[in-house]
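**Q** the sequence isn't on hand, but the structure is:
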Ligand code: HEM
């Protein structure tokens, strides 16, 4: 009897323990089921279409965009299937730019700050700052990007463009094919180094990446992995977890170098040599509208300016070269126009290139078909609001994808084809009536609103001068088997480009 009793007791306690465990698991499953039902049918965002899985958990989307790198094409597909507002996660919407730019990014009543933590590496820089800090920093930086400033900066831009052409001439003389992506990176980073710190990275001179520049170029995917992890893990825990890993080493090296470079420049004062103003001059100016920036803010902003003002332009120009090489008749029109207009390379300036209709149309079309920043940094709604007549509750994350907006057939005829003539004025002989219906107001490659790109003027100036001078000096062909260079690229907010090889022929007249 005692044996049976003992067995019963043990069985009871076993059933008790496991029963309680099963009950707990059952409750948990039930709770999760209730959450799923709530998120799909009763959540304030439940009326927005989207795949059921995305309504329930954020993981699939976060993984797609931050780890797989197929975000731009996925959003395009989702907008095509589901319309202009699509659910990307339980609290996350993708809004087509035709609505999102004016009504979210341009909303003056309801603040839509950047998603906290998205710019974890730049907490004190303009890009990730809160409204008040942003306003002050933007006022401080605005004069560095005015028309007048770009005029002053022109000689720096042309100096490095000409150095690029000299270096490429050397390569051509040796009959070497060049990876144009790399050379464009050397140039745009040298320019921005000089504009920011008064000193270039010397990549062109040395025909190789400066270690910091290489670090920035290589960090695109790593930064994206870090963002993915930060979605789920608090920053303090993550930095303990990643201690001693390659990721932390790269991040530390980048931070260390940026800080050293910024502090060295700060120590020279606002106008260090020959009265020339660099971005530091503007950031250090206490009398300026913004009232001055702290040392911490300057140290945070300078590497951001370097990254934002270089990689983007190199991306746009490599894509321009790719599309020109892929479309011989367009290439010919661009080249003929500028070669007939300019007899010497020196005539090609920021101002004189504004009249190059073919080149400017090609630049716009490049930014449309392949926006260098394929998706604006996500925003979060700080109050309940209405977008396009639809209620959007406080706390909703909003993503506007440039790539998906500019390839939306509702906005652009044949959106996947490179058709620069759509940007000509209607009076131009090559303009076709079908382009009348293109919704050019939706085209915002530099984003929109108070936090749009501050460097837009500089970007256009640099793209025009570099492309025009290049085509004045060289003809080029793309090497075979690179037709899928663009379509195979992955994106982590910006594109992970990969090399693009071209063969150069120096023109005899230049
Ligand atoms: C083709 C070239 C470029 C493109 C497509 C581009 C695009 C963008 C985009 C989409 C944003 C994000 C705006 C937002 O959060 O809504 C941005 C921000 C910014 N860009 Fe550019 N950019 C380019 C070149 C430049 C250049 C040359 C600079 C010069 C340093 C620059 C400096 C900045 C800065 C400082 C911000 C933050 C502005 C703020 O938060 O107020 N960008 N850019």
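**A** Received, thanks. Since we're looking at a predicted model, the values are computed, not measured.
**Q** give me the distance between the two termini of stretch 398-415.
**A** This stretch, stretch 398-415, spans 24 Å end to end (CA to CA, to the nearest Å).
**Q** what does the stretch 401-510 of the chain put close to the ligand?
**A** With CB under 6 Å from any ligand atom as the criterion, the stretch 401-510 of the chain meets the ligand at residues 445, 446, 447, 451, 452, 453, 454, 455, 458, 459. In this view, the C-beta of every residue, glycine as well, is placed from N, C-alpha and C.
**Q** doesn't the third one fall inside a strand?
**A** No. With DSSP: H, G, I helix; E, B strand; the rest coil as the criterion, residue 447 is located in coil rather than a strand.
**Q** for it, give me its contacts.
**A** Contacts for residue 447 (CB atoms under 8 Å, 6 or more residues apart in numbering) come out as 101, 105, 373, 376, 402, 453.
**Q** at 6 Å what do you get?
**A** By CB atoms under 6 Å, 6 or more residues apart in numbering, the residues touching residue 447 are 376, 453.
**Q** where does the residue of the chain found nearest the ligand fall, phi/psi-wise?
**A** Closest contact between the chain and the ligand, by CB to the nearest ligand atom, is at residue 455 (2.1 Å). Phi and psi for residue 455, reported as degrees, to the nearest 10, are phi -100, psi 20.
**Q** dump the residues of the stretch 401-510 of the chain next to the ligand to a markdown table, plus distance to residue 156 and pLDDT.
**A** Shown next, in a markdown table, are those (distance: CB to CB, whole Å; pLDDT from 0 to 100):
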| residue | distance to residue 156 | pLDDT |
| --- | --- | --- |
| 445 | 24 | 98 |
| 446 | 21 | 98 |
| 447 | 25 | 97 |
| 451 | 26 | 95 |
| 452 | 24 | 97 |
| 453 | 19 | 98 |
| 454 | 18 | 98 |
| 455 | 14 | 98 |
| 458 | 10 | 98 |
| 459 | 14 | 98 |
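**Q** pull the most distant pair out of these.
**A** Comparing all pairs in these by CB to CB, the longest separation belongs to 451 and 458, at 17.0 Å.
**Q** who has more neighbours, the two?
**A** For residue 451 versus residue 458, the count of surrounding residues by other CB atoms under 10 Å is larger for residue 458: 24 against 21.
**Q** name the helix or strand for the more buried one, please.
**A** Assessed by DSSP states H and E, residue 458 sits inside helix 456-473.
**Q** which residues touch that helix?
**A** Outside of helix 456-473, the residues within contact range by CB under 6 Å, 6+ apart are 150, 157, 161, 165, 313, 316-317, 335, 338, 345, 348, 350, 353, 363, 446, 510.
**Q** quick one: distance of that helix to the chain centre.
**A** 20 Å (CA atoms, centre = their mean, to the nearest Å).
**Q** got it, and stretch 499-510?
**A** The answer for stretch 499-510 is 28 Å, by CA atoms, centre = their mean.
**Q** how about the helix or strand harbouring residue 502: buried residues?
**A** If you go by DSSP H and E, residue 502 is part of strand 501-506. Neighbour counts over strand 501-506 (16 or more other CB atoms under 10 Å) mark 501, 502, 503, 504 as buried.
**Q** for that strand, what is the average pLDDT?
**A** On average, the pLDDT along strand 501-506 is 98.
**Q** and the angle for it with helix 456-473?
**A** Angular relation of strand 501-506 and helix 456-473 on a 0 to 180 degree scale: 60 degrees, by axes from the mean of the first three to the mean of the last three CA atoms, to 10 degrees.
**Q** tell me the strands beside strand 501-506, with direction?
**A** In the sheet, strand 501-506 lines up against strand 178-179 (antiparallel), strand 474-478 (antiparallel) (DSSP bridges).
**Q** ok, residues contacting that strand?
**A** For strand 501-506, the external contacting residues (CB under 6 Å, 6+ apart) are 168, 169, 172, 177, 179, 180, 474, 475, 476, 477, 478, 479.
**Q** try it again with 8 Å
**A** The contact list for strand 501-506 (CB under 8 Å, 6+ apart) reads 168-169, 171-173, 177-180, 321, 325, 473-479, 482.
**Q** mark which of the residues you listed are buried, thanks.
**A** Taking 16+ other CB under 10 Å as the criterion, what is buried in those is 168, 172, 178, 180, 321, 325, 473, 474, 476, 478, 482.
**Q** tell me the contacts of the third one?
**A** So that's residue 178. Residues near residue 178 by CB under 8 Å, 6+ apart: 168, 171, 501, 502, 504.
**Q** of these, closest to residue 88?
**A** residue 501 (36.4 Å).
**Q** report the spatially nearest residue to the closest one, omitting neighbours in sequence.
**A** residue 479 (4.3 Å; CB to CB, 6 or more residues apart in numbering).
**Q** all strands of the stretch 301-450 of the chain, in order?
**A** Under the criterion DSSP state E, counting those that start in this stretch, strands of the stretch 301-450 of the chain are mapped to 379-380, 385-387, 390-392, 397-399.
**Q** outside of the last one, which residues touch it?
**A** When contacts are taken as CB under 8 Å, 6+ apart, the neighbours of strand 397-399 outside the stretch itself are 75, 88-89, 91-95, 100, 104, 112, 115, 375-376, 378-381, 387, 392.
**Q** go on, the third one?
**A** Around strand 390-392, the neighbours that count as contacts under CB under 8 Å, 6+ apart are 44, 45, 47, 48, 85, 93, 381, 384, 385, 386, 398.
**Q** so how far is residue 58 from the third one?
**A** Using CB to CB, to the nearest Å, we find residue 47 at a distance of 19 Å from residue 58.
**Q** and what of the second one?
**A** Residue 45 is 12 Å from residue 58, where distance means CB to CB.
**Q** point out the residues in the stretch 51-200 of the chain that sit beside the ligand.
**A** Residues of the stretch 51-200 of the chain found near the ligand (CB under 6 Å from any ligand atom) are 105, 126, 127, 138.
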